[in-house]
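J.: Sequence plus predicted model, see below.
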Amino acid sequence: MRVARDDLGNEVPVAGPVRRVVSLVPSLTETVAACDVTMLAGITRWCSHPAGLAVPRLGGTKNPDVPGIIALAPDLVLANDEENRDSDLAALHTAGVPVWVTRIRSLPDALASLHRMITVACGLPRPGWLDAAEQAWRDAGRDRAERLAIVPIWRRPWMVLGRDTFAGDLLARLGVGNVFAAHEQRYPKIALADLQRSGADLVVLPDEPYRFTADDGPEAFPGMPAALVSGRHLTWYGPSLAQAPDVLSGQLGAGIVE
């Protein structure tokens, strides 16, 4: 038995080598799969990468099949403080299932958290793609003109990125500031009229969690350039971080539509 501390400082007891992992976060599923796909014993129905995973689907991120997870007797469950509910994680704790919780608010958070989760929690070697991600972001954002954006993540009601968000930090590193970066809430609800007169010169529309498209989103901001971007590259922390600077830069530039 060894004991490690997750991103929240909680003690996580791990008995022996980790062989069976349940991931309750799509980006962490992709992370484990890129390191050792045979470790995955269960995932959520929203875990889309890599495609074709032949692994039991145990509900969603907000409503996981807790009895099903317990029945699998995993060595470790991977979760996130934003994506998963405290009540579900508490139920797993009560059942004696070790749960490792990540907390990500910035790129440095993500890089450090992934390293610890992979090497300390899962007991795997540090992967090369994590080094590639660090280098890619070290090179990103140079000589880039500053723009000021609003970043909706939902409509009906409209919600945007506010303060202290991972996606906001990535955009800032690519030269895109957030109008609502100083808002008291992390994901505030803002009336459309207030968004339209926010003073932004760009609206960034990711395809998740709400799937904004060229026909669903830009029309709400007449006269304002709109960049449709990959939600996976903007909001996921995992192997996609290595490609994210190039993907997002291209979408923020050439991908802009009026």
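T.: Perfect, thanks for sending it.

J.: tell me the domain boundaries of this structure?
T.: Residue ranges for the domains of the chain, per automatic domain parsing: 2-126, 143-257.

J.: Rebuild those as TSV, extending it with mean neighbour count and distance to Ala133.
T.: In this view, the C-beta of every residue, glycine as well, is placed from N, C-alpha and C. Shown next, in TSV, are the domains of the chain (neighbours: other C-beta atoms under 10 Å; distance: least, C-beta to C-beta, whole Å):
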stretch	mean neighbour count	distance to Ala133
domain 2-126	18	7
domain 143-257	17	4
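
J.: Please render those domains as CSV that adds mean pLDDT to the earlier fields.
T.: Output for these, formatted as CSV (pLDDT from 0 to 100):
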stretch, mean pLDDT
domain 2-126, 96
domain 143-257, 93
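
J.: I'd like these as a markdown table, with distance to Ala136 appended.
T.: Below are those laid out as a markdown table (distance: least, C-beta to C-beta, whole Å):
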| stretch | distance to Ala136 |
| --- | --- |
| domain 2-126 | 11 |
| domain 143-257 | 5 |
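
J.: Any idea which of these gets closest to Glu134?
T.: domain 2-126 (5.9 Å; C-beta to C-beta).

J.: ok, Leu24 - contacts?
T.: Going by C-beta atoms under 8 Å, 6 or more residues apart in numbering, Leu24 touches Thr44, Thr61, Pro64, Val77, Leu78, Ala79, Asn80, Glu83, Asn84, Asp88.

J.: show me what contacts the fifth one?
T.: Neighbour list for Leu78: Val21, Val22, Ser23, Leu24, Val25, Leu28, Val32, Val99, Trp100, Thr102, Met117, Ala121 [criterion: C-beta under 8 Å, 6+ apart].

J.: for Thr31, same thing?
T.: So Thr31 contacts Leu114, Met117, Ile118, Tyr237, Gly238, Pro239 (C-beta under 8 Å, 6+ apart).

J.: pretty sure the last one is touching Ala34, no?
T.: Read it as Pro239. Yes - counting by C-beta atoms under 8 Å, Pro239 does reach Ala34; the two are 4.5 Å apart.

J.: Would you map the helices across the chain?
T.: In the chain, the segments counted as helices under DSSP state H are 26-36, 66-72, 86-94, 107-116, 128-138, 166-173, 192-196, 231-235, 244-253.

J.: Now do the contacts for Arg57.
T.: Gly42, Ile43, Thr44, Arg45, Cys47.

J.: How about Met224?
T.: Gln196, Ala200, Asp201, Leu202, Val203.

J.: can you check Gly16 too?
T.: Residues in contact with Gly16 (C-beta under 8 Å, 6+ apart) are Met1, Asp75.

J.: Please tell me how far it sits from Asn10.
T.: 20 Å (C-beta to C-beta, to the nearest Å).

J.: neighbours around Ala132, how many?
T.: 14 (other C-beta atoms under 10 Å).

J.: So it sits against Ala242, correct?
T.: Yes - the pair Ala132 / Ala242 is scored as a contact, 4.3 Å apart, by C-beta under 8 Å.

J.: Please enumerate the strands of the protein.
T.: Under the criterion DSSP state E, the chain contains strands at 2-5, 11-14, 21-23, 40-42, 76-80, 99-102, 147-150, 152-154, 159-160, 176-178, 202-206, 226-229, 256-257.

J.: what about those strands, which gets the closest to Tyr187?
T.: Nearest to Tyr187 among the strands of the chain is strand 159-160; the distance by C-beta to C-beta comes to 5.4 Å.

J.: What is the closest one packed up against?
T.: Using 3 or more C-beta pairs under 8 Å, 6 or more residues apart in numbering; DSSP states H and E, the elements in contact with strand 159-160 are strand 152-154.
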